[in-house]
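Undergrad: just to be clear, the model below is a prediction. Sequence and coordinates:
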Amino acid sequence: MSDLHSHYPVVVIGGGQAGLAMSAQLKARGIEHVVLEKNTIAHSWKTQRWDAFCLVTPNWQCQLPGFPYTGSDPHGFMLRDEIVSYIEDFAKHIGAPIREGVTVTRLRQSGRGFVLETTLGEIAADSVVLAVSGYHIPKVLPFADRLDASITQIHSSAYRNPDQLPPGEILVVGSGQSGCQIAEDLHLAGRKVHLAVGSAPRCPRFYRGRDAVDWLDDLGQYDLPVDKHSLKEGVRKNANHYLTGRDGGRDIDLRKFALEGMKLYGRLKDGRGTSLQFGDDLQVNLDSADRVYNGICRLIDDHIAKNRIAAPLTPHYEPVWSPSAVPRELDLVASGVTSIIWTTGFRSDWSWIDLPMFDGTGYPTHRRGITSVDGAYVVGLPWLYTWGSGRFVGIGRDTGFVAEHINERSSALRVETREVA
């Protein structure tokens, strides 16, 4: 089996930032392990982000265990290739025992441990950590295959730049972080953009003299545990707020884009051939996003007032445009639309995991990454424990907690083994 052992105390599956952070925590505790990555380190950052992609959180939040951002622009936003370098440099820094190009095809229990069937053979493990995120298969709306074959369709994960699309206008479906940033990328390149707007919230970039992320960090928002959130575990289904770090960071204001010629619609409901139908919810969705935006501003205002912080006054957001007579239908050919970009997210695929650890929706049941199956763990999921869990800033705490549990479990197993002997 090449240079892989037949047994490891811990196997970490996934070589992104979560799997590598897990490796750093295990190594710090002297726990032997291996990290298996079916592609290469930071694969999704390399292959599923467009050319102009950058972080939406400031660089200072890049806090992988023992490897914080030390560059010259802590309040800037790393570009895609810089993010890849940061993760690859972290792997080198910790000397991660990673094996790239090894796919785990099945994971099952065996006694108190586990067996991993891989493309290099079977490996046994006392504990296993799933660091594979929850974004596995690109998702498009179910009627996509009923649209006319003349329309180019790609998922956001395959989008790279405006030049890869044929001449003509472009429909972006979805207004989450990726949708809004891709729509902006196309808009700045001079392409005519149509955007189907959903219910994703928005966040100010800068407010009262600082990046809103800095204020929210001071407020402890990224440390708020999921069980203390008003929505409890339901918050895991929420869309991320949209804003951008592009060109030093700014708000994304869809109403401003509309004034500049972008065509906005409500949520895309159905389609066939060259005809699409939209919901009558554009005004509601824009208003809801702005309400969240101003709610964050008020939260910061209250913090400033309570702590008597000297900060410049900034007005709350006032709409610069409101929709009127929003079209409910769109003929793609008649409107000159030649491409659709589906920024409609991903679905999870845990089908290769033969463990009784999932709820009725297919989500792994866990508390702070400790699943309902003894010895099996998950890390790197959004809101695994806090808002920071799905970000560079929170992965160290999550993996440290899991590593401690693994250490305690390993000690208990050693005691049991000695007693049996």
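TA: Good, I have the coordinates.

Undergrad: which helix or strand in this structure has the lowest average pLDDT?
TA: Every helix and strand of the chain was ranked by mean pLDDT, DSSP states H and E. The lowest is helix 395-420, at a mean of 86.

Undergrad: and stretch 13-32, what's buried?
TA: Buried residues in stretch 13-32, counted by 16 or more other C-beta atoms under 10 Å: 13-27, 31. No exception for glycine: its C-beta is placed from N, CA and C like everyone else's.

Undergrad: mind saving the C-alpha coords of it as PDB?
TA: C-alpha atoms of stretch 13-32 as PDB (Å, rounded to 0.1, in the frame of the first residue of the first chain):
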ATOM      1  CA  ILE A  13     -10.100  13.000   5.500                       C
ATOM      2  CA  GLY A  14      -9.600  16.300   3.500                       C
ATOM      3  CA  GLY A  15      -6.600  18.500   2.900                       C
ATOM      4  CA  GLY A  16      -8.100  21.900   3.000                       C
ATOM      5  CA  GLN A  17      -7.700  24.400   5.800                       C
ATOM      6  CA  ALA A  18      -9.900  22.400   8.100                       C
ATOM      7  CA  GLY A  19      -8.000  19.100   7.600                       C
ATOM      8  CA  LEU A  20      -4.700  20.800   7.900                       C
ATOM      9  CA  ALA A  21      -5.700  22.700  11.100                       C
ATOM     10  CA  MET A  22      -6.800  19.300  12.500                       C
ATOM     11  CA  SER A  23      -3.400  17.900  11.600                       C
ATOM     12  CA  ALA A  24      -1.700  20.800  13.400                       C
ATOM     13  CA  GLN A  25      -3.700  20.200  16.600                       C
ATOM     14  CA  LEU A  26      -3.100  16.500  16.600                       C
ATOM     15  CA  LYS A  27       0.600  17.000  16.000                       C
ATOM     16  CA  ALA A  28       0.800  19.400  18.900                       C
ATOM     17  CA  ARG A  29      -0.600  16.700  21.100                       C
ATOM     18  CA  GLY A  30       1.800  14.000  19.800                       C
ATOM     19  CA  ILE A  31      -1.000  12.000  18.200                       C
ATOM     20  CA  GLU A  32       0.100  10.000  15.100                       C
END
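
Undergrad: could you give the mean pLDDT of it?
TA: The pLDDT scores in stretch 13-32 average 98.

Undergrad: surely Thr371 and Val379 touch.
TA: No - between Thr371 and Val379 there is no contact under C-beta atoms under 8 Å: 10.8 Å.

Undergrad: more crowded one of these two?
TA: Neighbours were counted for Thr371 and for Val379 using other C-beta atoms under 10 Å; Val379 has more, 29 against 20.

Undergrad: how about the strands of the stretch 301-421 of the chain, start to end?
TA: When assigned using DSSP state E, counting those that start in this stretch, the strands of the stretch 301-421 of the chain occupy the ranges 329-331, 337-342, 346-347, 353-354, 366-367, 370-371, 376-378.

Undergrad: pairing partners for the second one, with directions?
TA: What it means is strand 337-342. Its sheet considered, strand 337-342 pairs with strand 152-155 (parallel), strand 169-173 (parallel) by DSSP bridges.

Undergrad: send me it as PDB with only the CA atoms.
TA: Below are the C-alpha coordinates for strand 337-342, written out as PDB (Å, rounded to 0.1, in the frame of the first residue of the first chain):
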ATOM      1  CA  VAL A 337     -29.200  36.500 -23.000                       C
ATOM      2  CA  THR A 338     -26.800  33.800 -24.200                       C
ATOM      3  CA  SER A 339     -25.500  32.500 -20.800                       C
ATOM      4  CA  ILE A 340     -26.700  31.500 -17.400                       C
ATOM      5  CA  ILE A 341     -24.500  31.200 -14.300                       C
ATOM      6  CA  TRP A 342     -26.100  29.200 -11.600                       C
END
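
Undergrad: quick one: contacts of it?
TA: Residues outside strand 337-342 that contact it (C-beta atoms under 8 Å, 6 or more residues apart in numbering) are 138-141, 144, 147, 150-156, 159, 165-174, 182, 194, 330, 332.

Undergrad: could you identify the buried members of these?
TA: By 16+ other C-beta under 10 Å, the contacts of strand 337-342 give 138-141, 144, 147, 151, 153-156, 159, 165, 168-174, 182, 194, 330, 332 as buried.

Undergrad: show me where the stretch 1-150 of the chain has strands.
TA: Taking DSSP E, counting those that start in this stretch as the test, the strands found in the stretch 1-150 of the chain are 7-13, 33-37, 63-64, 67-68, 98-100, 104-110, 113-118, 121-130, 137-138.

Undergrad: now the ones you listed as TSV including distance to Leu243?
TA: Output for those, formatted as TSV (distance: least, C-beta to C-beta, whole Å):
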stretch	distance to Leu243
strand 7-13	32
strand 33-37	31
strand 63-64	20
strand 67-68	23
strand 98-100	33
strand 104-110	36
strand 113-118	40
strand 121-130	30
strand 137-138	23
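
Undergrad: quick one, which of those strands is packed in tightest?
TA: Comparing the strands of the stretch 1-150 of the chain by mean neighbour count (mean count of other C-beta atoms under 10 Å), strand 33-37 ranks first with a mean of 25.

Undergrad: which strands and helices sit next to that one?
TA: In this structure, strand 33-37 makes packing contacts with strand 7-13, helix 17-28, strand 98-100, judged by 3 or more C-beta pairs under 8 Å, 6 or more residues apart in numbering; DSSP states H and E.

Undergrad: any low-confidence regions in the stretch 301-421 of the chain?
TA: 417-421 (pLDDT under 70).

Undergrad: now the stretch 151-300 of the chain
TA: For the stretch 151-300 of the chain (pLDDT under 70), the answer is none.

Undergrad: my guess is Trp50 meets Asp185, correct?
TA: Yes - contact status for Trp50 versus Asp185: in contact at 6.5 Å, counting by C-beta under 8 Å.

Undergrad: looking at these two, which is more packed in?
TA: Between Trp50 and Asp185, Asp185 has the larger neighbour count (other C-beta under 10 Å), namely 22 against 19.

Undergrad: give the burial count for the closest residue to the more buried one other than its chain neighbours, as a bare number.
TA: In space, Asp185 comes closest to Ala52 once its chain neighbours are excluded; the distance is 5.4 Å by C-beta to C-beta, 6 or more residues apart in numbering. For Ala52, the neighbour count with other C-beta under 10 Å is 19.

Undergrad: okay, Ala52 and Trp60: tell me how far apart.
TA: The gap separating Ala52 from Trp60 is 22 Å, by C-beta to C-beta, to the nearest Å.
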